[in-house]
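Trainee: Need a 3D model of the sequence below.
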Amino acid sequence: MRRKKQYYAYFFILPGCVILLMFTILAALLAFGFSFMEFNLLRPQDATFIGLENYIRLVQDESFQKAMKNTLYFTVVVVPYQVTLAFCLALLVRQNIKGVGIFRSAYFSPVVTSMSVIAILWTFIYNPNPTQGLLNAILTKIGLPPCDFLRSADTAMNSIIFMSGWHAAGNQMMILLAGLQAIPEDLYEAASIDGAGAWKKFLYVTLPEIKNVLIFVVMMTTIAAMKLFTQPYVMTNGGPKESTMTLTYYLYRQGFQYRNMGYASAVSVIFFIVVVGISVGVKKMMKAR
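Mentor: Numbers count the residues shown, from 1 in each chain. Now for the predicted structure:
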């Protein structure tokens, strides 16, 4: 009976293992192999081995360097902004007040909406025409000049950061809320007996108890931030002046617009190394703190 149960278990996990093998492990190995080749997507029969030339070209490519800087800037800014916003929302909706379920649904609702739809919506909100763009209409009402949020290299990435943090904070909020609700109330009661105020309860009870959940949220947010693609693709097309060009968008452009799959594969290998390195660094830093 035990052996039969094992066979049943293997049978049920087989489809997932096949999908993982084909679309993740095999795809990663092929990308690593293609990174050493000159490989045009429309002429696969003409693929030739060129060694490290794609990687040498990456070092000299200014567009790639801009994409790397933009990706790192987006990650460094959006992760603390988004996690802090999600933590504050989680603390807010944790309160036992009437109608708190409505607020939880309202804060979470952007997450279940497609990012493409959200990006199109915020493109209209950022419209430079005060009669069409909500933000510029507010600015003109209070006596400030309108701002060209998405068409200026100085404001385009920050505008995407603000929208991205608003969109995804609800997801992190629900995870943090689950962690907060798992904290025993006895700890807060003991802290109150010892004379601890709200700030000391937060510092010495809430944060230590939710540390592992917070590390998980920061890790997942960092990885998601590094994979930024939809917002620049829909809202700015990587511009203006490549100010919103990210690594994933640059990879897409090289591989599927220019059909240069060898060079795009080299970009993907470097992207993988950067994501793993940053994720490990963030994990160690969070655990140390």
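Trainee: Tell me the buried residues in the host helix or strand of Val218?
Mentor: Assigning secondary structure by DSSP states H and E places Val218 in helix 211-226. By neighbour count, and taking 16 or more other Cβ atoms under 10 Å as the criterion, the buried residues in helix 211-226 are 213-226. Every residue, glycine included, has its C-beta placed from N, CA and C.
Trainee: So which elements touch it?
Mentor: Secondary-structure packing of helix 211-226 (3 or more Cβ pairs under 8 Å, 6 or more residues apart in numbering; DSSP states H and E): helix 62-93, helix 156-181, helix 261-288.
Trainee: Specify the next element, helix or strand, located C-terminal of it.
Mentor: Along the chain past helix 211-226, the next helix or strand (assigned with DSSP H and E) turns out to be helix 230-231.
Trainee: continuing past that following helix, what's the next helix or strand?
Mentor: According to DSSP H and E, the helix or strand after helix 230-231 is helix 247-252.
Trainee: That following helix - contacts with which helices or strands?
Mentor: In terms of contacts (3+ Cβ pairs under 8 Å, 6+ apart), helix 247-252 is packed against helix 62-93, helix 261-288.
Trainee: Centre of the chain to it, how far?
Mentor: 14 Å (Cα atoms, centre = their mean, to the nearest Å).
Trainee: Considering the buried residues of helix 211-226, which is situated nearest to Ala198?
Mentor: For these, the residue nearest Ala198 by Cβ to Cβ is Leu214; the value is 18.8 Å.
Trainee: By mean pLDDT, which helix or strand of the chain comes out lowest?
Mentor: With mean pLDDT, DSSP states H and E as the measure, the helix or strand of the chain carrying the lowest mean pLDDT is helix 100-108 (a mean of 80).
Trainee: Okay, buried residues for that one please.
Mentor: 104, 107-108.
Trainee: So which of the helices and strands packed on helix 211-226 is nearest Asn127?
Mentor: helix 156-181 (11.6 Å).
Trainee: ok, and for that closest one, which residues are buried?
Mentor: Buried residues in helix 156-181, counted by 16+ other Cβ under 10 Å: 156-177, 179-180.
Trainee: Give me the below-cutoff pLDDT ranges for the stretch 151-289 of the chain.
Mentor: For the stretch 151-289 of the chain, applying pLDDT under 70 flags the ranges 287-289.
Trainee: picking that back up, can you redo the buried residues of helix 100-108 as a markdown table with distance to Leu26?
Mentor: Listed next are those as a markdown table, based on distance: Cβ to Cβ, whole Å:
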| residue | distance to Leu26 |
| --- | --- |
| Arg104 | 41 |
| Tyr107 | 39 |
| Phe108 | 36 |
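Trainee: Just give me the closest of those residues to Tyr263.
Mentor: Closest to Tyr263, out of all of those and judged by Cβ to Cβ, is Phe108, at 39.9 Å.
Trainee: which residues touch the closest one?
Mentor: Applying Cβ atoms under 8 Å, 6 or more residues apart in numbering, one finds that Phe108 lies in contact with 170-171, 173-174.
Trainee: Tally up the residues packed near Ile120, please.
Mentor: Other residues near Ile120 come to 12 when the count uses other Cβ atoms under 10 Å.
Trainee: ok, now Thr113?
Mentor: Thr113 has 11 neighbouring residues, counting by other Cβ under 10 Å.
Trainee: Also Leu85?
Mentor: With neighbours defined by other Cβ under 10 Å, the count for Leu85 comes to 18.
Trainee: Wait, it touches Gly170, no?
Mentor: No: contact status for Leu85 versus Gly170: not in contact, 9.5 Å apart, counting by Cβ atoms under 8 Å.
Trainee: Right, I'll leave it there.
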